[in-house]
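S.K.: With the sequence up front, the predicted model follows.
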Amino acid sequence: MTYTRTEMMVVAGARALAGRRVCFVGIGLPNISVALAQRTVAPDIELIYESGVCGARPARLPLSIGDPCLVTGAVAAMSMVELFQYYLQGGLVDVGFLGAAQLDRHGNVNTTVIGDDYAHPKFRLPGSGGACDIAQNAGEVFVLMRQSRRSFVDRVDFVTSSGRGLSRVVTDLGEFAARDELTLVALHPGVTLDEVRAATGWEVRVSADLVTTPAPTDEELRLLREELDPEGVYLT
Amino acid sequence: MTYTRTEMMVVAGARALAGRRVCFVGIGLPNISVALAQRTVAPDIELIYESGVCGARPARLPLSIGDPCLVTGAVAAMSMVELFQYYLQGGLVDVGFLGAAQLDRHGNVNTTVIGDDYAHPKFRLPGSGGACDIAQNAGEVFVLMRQSRRSFVDRVDFVTSSGRGLSRVVTDLGEFAARDELTLVALHPGVTLDEVRAATGWEVRVSADLVTTPAPTDEELRLLREELDPEGVYLT
Amino acid sequence: MREAVADLVRDGDTLAIEGFTHLISFAAGHEVIRQRKRDLTLCRLTPDVIYDQLIGAGVARKLVFSWLGNPGVGSLHAVRRLVEGPGFEVEEYSHFGMVGRYAAGAARLPFFPLRSYVDSDLPTVNDNIRTVTSPFDGEEVYAVPPLHPDVTIVHAQRADKHGNTQAWGLLGCQKEAAFAARRVIVVVEELVEESVIRADPNRTLLPGLKVDAVVHCPRGAHPSYAQGHYDRDNRFYLAWEHISRDPALLEAWLDEWVHGTRDHAGYLAKLGDSYFDDLTPAPAPSGSVDYGDYR
Amino acid sequence: MREAVADLVRDGDTLAIEGFTHLISFAAGHEVIRQRKRDLTLCRLTPDVIYDQLIGAGVARKLVFSWLGNPGVGSLHAVRRLVEGPGFEVEEYSHFGMVGRYAAGAARLPFFPLRSYVDSDLPTVNDNIRTVTSPFDGEEVYAVPPLHPDVTIVHAQRADKHGNTQAWGLLGCQKEAAFAARRVIVVVEELVEESVIRADPNRTLLPGLKVDAVVHCPRGAHPSYAQGHYDRDNRFYLAWEHISRDPALLEAWLDEWVHGTRDHAGYLAKLGDSYFDDLTPAPAPSGSVDYGDYR
C-alpha cells in the first residue's frame, strides 16, 4: 500500500511507544500516534493528558487534548494541580510525547517565539503549555515533528523546553536518538541521507548502524485511515 | 429549669457563635456547642471539620469529627490537603472553636505533654491535631474548656498552639476575653469571683464591666437534653 | 448575568475566566464585552477564543497565560496582533506554573514550589519565575508567586441558589482560580435544589461561602462544551480562524453576536433551537453511590 | 491479604495505614500483626486503635503522627506506655504538617510550605519543622519535608482488578499517602468491573498504575467504618479503652482476635453475621450525573 510521509511519521511515532506503560500525550500529532499505539504495539499503555485525564479510552479521535471523549470512560479525571503534582512531577510518567515548532541539535525545543527578541517577536508561537514541565519530569521525552531547515535549527531562538530529557525525535524523514547530540538512527523508506541533510540546519551526525524504518503495514494504514482519522483531521 | 455547669458552658459557647458565618469545629465539647448554635443563634453558620467536611448538617450528634453523619448531607467533602490549604489557610474561617487541656494567661494552649521534659513526659496528651494550624489561620479562636488550677496555669508546660489568635475562652465558671492577658468578662449565674480565683493558676484580671451570663433558657436546655445529646455523650 | 458582571467586574480588574477547553464561560465573557469594561488584566492557562474576542474588543491591557492558541486549529489572531506589536503586556508561564500561581493564591502562600524551568529561557523573560532553596536538603527548585484575581468566573453543570457548585469532566484549575479570587461568579447549566448538591458532597467544586453570584445560563459555555450537556462546537472554532484573522470581520462579528444581542438568550436565539441537535451526546450515566443515612 | 502483606511489607519498613476515622484498614493491620513484622516506622495522622494494636503487638520502633488518641473516648494506652517510657521514638506534627509531608512526598518536592507553628513549641522538639523564605516578598513560612512510606495501605469502597480505586465520604490524605509511597496496597469492600470505575472518572481516588496489590476484604475497616456500607462500631472503641489499659488484657485480645483467627473472614465469623445488623445505615443515594457518550 502507498502511504504519505506524514503517515510514516505517525506510524513510527506509534511504534516508538512499544513497551511503554505510561505516556503523557502532548498537543497535536502525538494524539494520533498514541491512538495507533494503543491499538497495535501498546494495548495496555495508560494515556495521561495535561487537561487532567488518566487512562483515557476515547470512543472517537480526540480533536484536542481537552476533548470530552477523553473523559467519558477514562480511569480518572482530576484537577490539573493534582495531575501535574502527583502524576507528572510525582514521577509516574514513563514517556512524554510532544510536538514542537523548532528544535536544535541538543534537543532543545522552542514553542515560544521566532526571532531573537522575545519582546518583539517575528512570529509568536503558542508558548509552553505543559511542554516545559513534561520535559523535566517525564522519564524520557519523544518529539514528533515535520523536519525542515526552518524547524531543525542549529540553535533555537528561545529554549521553551530543555533538551535534557529528550531521547528520541521522530520526523517525516527518519528518526533521531539523543546521544552527545541528536543522531540520525533511522531513515524512512525512500528517504535519502541528502534529503535529511537538506532539511537539517546543522551538520547531521549519522549513526554507524543506521537502519531503514520498516514501511507502515497494511493494518497500520487501515487503522489510521478507516478507524482513527477517517476525516483526515491529523493526516492531511 | 435547673442545669449543670457543663450545660451552662456549652450554652455560653453556642451563644458566642452568634453572627459568625464560618466555624472550624475542633474535637470534643465544641461539637455540641456548634450543634446548639446551629439550632439557635446561628442557623446559617457553616461548619467546617478538619476531617474534610464543609457545611455539615448531621442528622445525629456526631460522636467524633470523623463521624459519617457529618458527610451525608454536607455541602462538600474533600481531601484534608484541600481543606487545610484552601479553606483554613486560604482564610475562609471566621472562628476556630477548640477544646484544650491546659491554657495560660496569654491564651497559649497545651495539648501535647504535661511535665517539663518533652522526651519524658509525666503525662502524654494527644498532641496538636489541627489546633496549631487553626490557631494561626482562623480569623479568631474560641476555646471551650473546664477550668481548674490544673488546666488554667500561669505558664503552660508546652505551647502546642500559640495564644495569638485567641479571642475568647468559655469555661464552666465564666467567660474570658483576650486583652493584654485573659480577662474575666462574665461570671455564670451562681458562680463567685472567689471560685474563679480558686480555679485559676494566676492572679485573675477582672473586667471593669463584668457581667453575669444569662442562664440557659428552657429551650436551650430542651434542645441539648432531648434533641442533641439525649444519651449524655458530651454532657456527662 | 448583567447584574453580576456590572457589580463584580470593575475596570482595571484582574479577571480569570477559567476552564481547560471545557466549561469556558463565553456568556460571561460576552457580557464583559457588552459592558465595555476596560484595562483588564486577563488570566487564563489557554486564552482560547473567548480571550481572542475579549482582547479583540479592547477590554484588556495585559495577558497572563501559558498556552496561546486556538486548540486543534491554529492561532488567536487578535491576541497575536497585540502581542507582536508594542504596548500590550504579556506574562507567560508553563501550565504547571500557571496552575501553581492559582494554587498558591488559593492556599494564601507566598510562593508555589515546582520542578520545571531548568535550562528553559522562560525565567529569563519572566521575573516571577525564581528559585527557592529547600531548608532540608538544600535542593533548589523553581517557584512562582500567588495569583489573586479580583474576579474569577467559572462555568459549571449545576449549583444551588447559595452557590454550592458541582462540576464533572475536566476540572482544570477552576477550584484553585476561584479560591484564589477576591470575588467569584459561578455560571451554571442548571440551578438545582440544595438537596441535589448535598446528596453527593464529594462532587462539590466550590462551596457557596466562596461564591458571590450564581447565574443560571444554559449553554453559556458555547462554543466550548459542558460534559454531558453538549459537545464542543468545533465548527465554530474552525470558523473563528477566518474571522479573527481580519480585524474588520472580527469587529463585525462582535457587533452582530455580542453587541447585537441583549444577552446570552439572544445569542442562543440567533443560533436557533436546532443548532444544538448534533452537539448533544447520548447519555452516559455515572451511576449512583450510597452515602448511607446515618441517624 | 496474606500474600499482599507478606510480599509488600518488610521488617524495618516505613508503613502508613491511612484514613481519617473513616476507611481504616484494620484487616491489613491485623495481618501485619499475624505475620509478626518488626521494627516498623508507623505513620498516621491519628494513630487510632489500629496503631494501638500494632504497637501493643510489638511491630513498631517509631511513630510519626499528629493526634494521638482514641477519638471520642480517651487515650491509646499501649502507645502511651511506650511513649512515656524510654526507647520508643516519636516524631510529631500538626495535622496540616502531616498532610503536607504526604503531599510533598506525592508531588516529589523537597519541602511543603505552610502557615502554622508560629510561636508553637513544636519546631523546638522536631527538627523536621523548619522555616523557608519566599523568593518573592521575603516572607518566612514554615515547611516540612516529604514523607515517602515504603508501603501505604488504604481501604476503599471499591476497585477493579487493575487497582483503579474509588472512595467517597471522608477522603483524609489517602491519595497523598499513596502517591507518596513506594508500594501501595488497596483493600476494598467491593471488587467491581472496570466499567463501573470508568463510568465515573471524577470519583477515582487512585489509578491502578500506582497500586501494587488489590485485596477484596468486605468489612475490612471494622471497627472503623465505610461510608454507605457500615457505621463506626463505637461500642468497640469504648471497649478498647478497658482492654488497652491492661497489657495482659491487650495480649489476650490479640491472641483471641488476631493470632486466633486465620484471616479477616475468621475475625468476622467470630463477630457473627448479625453483628453488623445495627451498624448498617439506610441508603442515601448520591444520584447519577451524565458524562455524555461522545463518539
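M.R.: Done, it's in.
S.K.: buried residues in stretch A:117-134?
M.R.: By neighbour count on 16 or more other CB atoms under 10 Å in any protein chain shown, the buried set for stretch A:117-134 is A:118, A:121, A:124-134. For the C-beta atoms, the positions are set from N, CA and C on the backbone; glycine is no exception.
S.K.: my bad, stretch A:36-47
M.R.: Per 16+ other CB under 10 Å, stretch A:36-47 contains these buried residues: A:L36, A:A37, A:Q38, A:R39, A:T40, A:V41, A:A42, A:I45, A:E46, A:L47.
S.K.: Turn those residues into TSV, columns for secondary structure and pLDDT.
M.R.: Putting these into TSV (DSSP: H, G, I helix; E, B strand; the rest coil; pLDDT from 0 to 100) gives the following:
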residue	secondary structure	pLDDT
A:L36	helix	95
A:A37	helix	96
A:Q38	helix	92
A:R39	helix	93
A:T40	coil	96
A:V41	coil	96
A:A42	coil	95
A:I45	coil	93
A:E46	strand	93
A:L47	strand	94
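S.K.: can I get the residues you listed in TSV with distance to D:A282?
M.R.: Rendered in TSV, the data for the buried residues of stretch A:36-47 read as follows (distance: CB to CB, whole Å):
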residue	distance to D:A282
A:L36	50
A:A37	48
A:Q38	43
A:R39	46
A:T40	50
A:V41	51
A:A42	47
A:I45	43
A:E46	38
A:L47	41
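S.K.: I'd say C:A78 and C:I50 touch.
M.R.: No: under the criterion of CB atoms under 8 Å, C:A78 lies out of contact with C:I50, with a separation of 11.2 Å.
S.K.: Name the helix or strand for C:D137, please.
M.R.: Under the criterion of DSSP states H and E, C:D137 resides outside all helices and strands.
S.K.: just how off-centre is the lengthiest strand in chain A within its chain?
M.R.: If you go by DSSP state E, chain A has its longest strand at strand A:205-212. In this view, strand A:205-212 has its centroid 21 Å away from the chain centroid, taken as CA atoms, centre = their mean, to the nearest Å.
S.K.: got the contact list for it?
M.R.: When contacts are taken as CB atoms under 8 Å, 6 or more residues apart in numbering or on different chains, the neighbours of strand A:205-212 outside the stretch itself are A:A177, A:R179, A:E181, A:L182, A:T183, A:L184, A:V185, A:A186, A:L187, A:H188, A:P189, A:L193.
S.K.: coming back round to it: which neighbours do C:A78 and C:I50 share?
M.R.: Both C:A78 and C:I50 lack any common contact, where contact means CB under 8 Å, 6+ apart.
S.K.: For the chain, name the helix or strand with the lowest mean pLDDT.
M.R.: Let's take chain A. strand A:123-124 (a mean of 90; mean pLDDT, DSSP states H and E).
S.K.: wrong one, chain C
M.R.: Taking mean pLDDT, DSSP H and E as the measure, helix C:77-84 is the helix or strand of chain C with the lowest mean score, a mean of 90.
S.K.: what element comes up after that helix heading to the C-terminus?
M.R.: Where DSSP H and E defines the elements, the next helix or strand beyond helix C:77-84 is strand C:89-92.
S.K.: ok, that next one near chain A or not?
M.R.: Yes: among the residues of strand C:89-92, C:E92 lie within reach of chain A under CB under 8 Å from any CB of the partner chain.
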